[in-house]
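S.K.: here is my input, please return the structure:
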Amino acid sequence: MLSRLLRLFKHRWMDDASRRLAPAVVRALGQQVTASEQQHSGEIRIFIEAGLPNSYLLRPDTTPALTRQRALAQFGKLRVWDTAHNNGVLIYLLLAEHAIEVVADRGLNNHVAPEVWQALVQRLGTALREQQFEAGLTQAVNEVSALLKQHFPLAPGAVNPNELPDTPTLG
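M.R.: Have a look, this model is predicted:
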């Protein structure tokens, strides 16, 4: 019970996610996602939140389990699962826990080994620990884009309709 209360205070005292990323950085990341999606048929979403909602914090699960549950919930809520080729990818950051989750839909996930995702998360984590939010997220989007180009390239002259918003969501 004490650990849940400490977790609750930690998440409630966390700065708003918008304080970590300047509007110009959010715009730049959105533009990067837009540019990426012109090279493949996939969709990339970025969701960053300061802390978990209270409904998660009061659950008895471990923090890593709650983080994964929250990322999966956002994957559904943001409709990343609902793309034409089942190749949407969510990059989820939970600032209070310095946690990162990457959730890829089955179309892409079937082609990518778990170690590839783990390596991407580790590189992003290193950048975030060094307060390199824009550089880390830019690299993560580039890596996801490379995977999507490899497995879901656009045919010459084809256009990828934008199925999901490109601007990162700050929660």
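S.K.: from now on I want contacts and neighbour counts done on CA atoms only, so please keep to that.
M.R.: Noted.
S.K.: show me the contacts for Phe152.
M.R.: His40, Ser41, Gly42 (Cα atoms under 8 Å, 6 or more residues apart in numbering).
S.K.: most neighbours, which of those?
M.R.: Neighbour tally across those (other Cα atoms under 10 Å): the maximum, 33 neighbours, falls on Gly42.
S.K.: which of the contacts of Phe152 fall within strands?
M.R.: Among those, no residue falls in strands (DSSP state E).
S.K.: how about the residues you listed in CSV, adding distance to Leu120?
M.R.: As requested, the contacts of Phe152 are arranged in CSV below (distance: Cα to Cα, whole Å):
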residue, distance to Leu120
His40, 19
Ser41, 20
Gly42, 18
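S.K.: closest one to Leu164 out of these, please.
M.R.: For these, the closest approach to Leu164 (Cα to Cα) belongs to Gly42, at 10.0 Å.
S.K.: which residues touch that closest one?
M.R.: Thr83, His85, Asn87, Gly88, Val89, Leu148, Phe152, Asn160.
S.K.: try Ile44
M.R.: Applying Cα under 8 Å, 6+ apart to Ile44 gives the contacts Val33, Glu37, Val80, Gly88, Val89, Leu90, Ile91, Val141, Val144, Asp166.
S.K.: just grab the bridge partners of the closest residue to the second one other than its chain neighbours for me.
M.R.: Beyond its immediate neighbours in the sequence, the residue positioned closest to Glu37 (Cα to Cα, 6 or more residues apart in numbering) is Glu43, lying 6.4 Å away. Applying DSSP bridges to Glu43 gives these bridge partners: Gly88.
S.K.: and if you look at the one 5 residues further on?
M.R.: With DSSP bridges as the criterion, Ile48 is bridged to Leu93, Leu170.
S.K.: I'd like the distance between it and Pro168.
M.R.: To Pro168, Ile48 is 7 Å away according to Cα to Cα, to the nearest Å.
S.K.: how many residues are close by Val102?
M.R.: For Val102, the neighbour count with other Cα under 10 Å is 22.
S.K.: is it true that it touches Trp117?
M.R.: Yes: taking contacts as Cα atoms under 8 Å, Val102 lies within contact range of Trp117: 7.1 Å.
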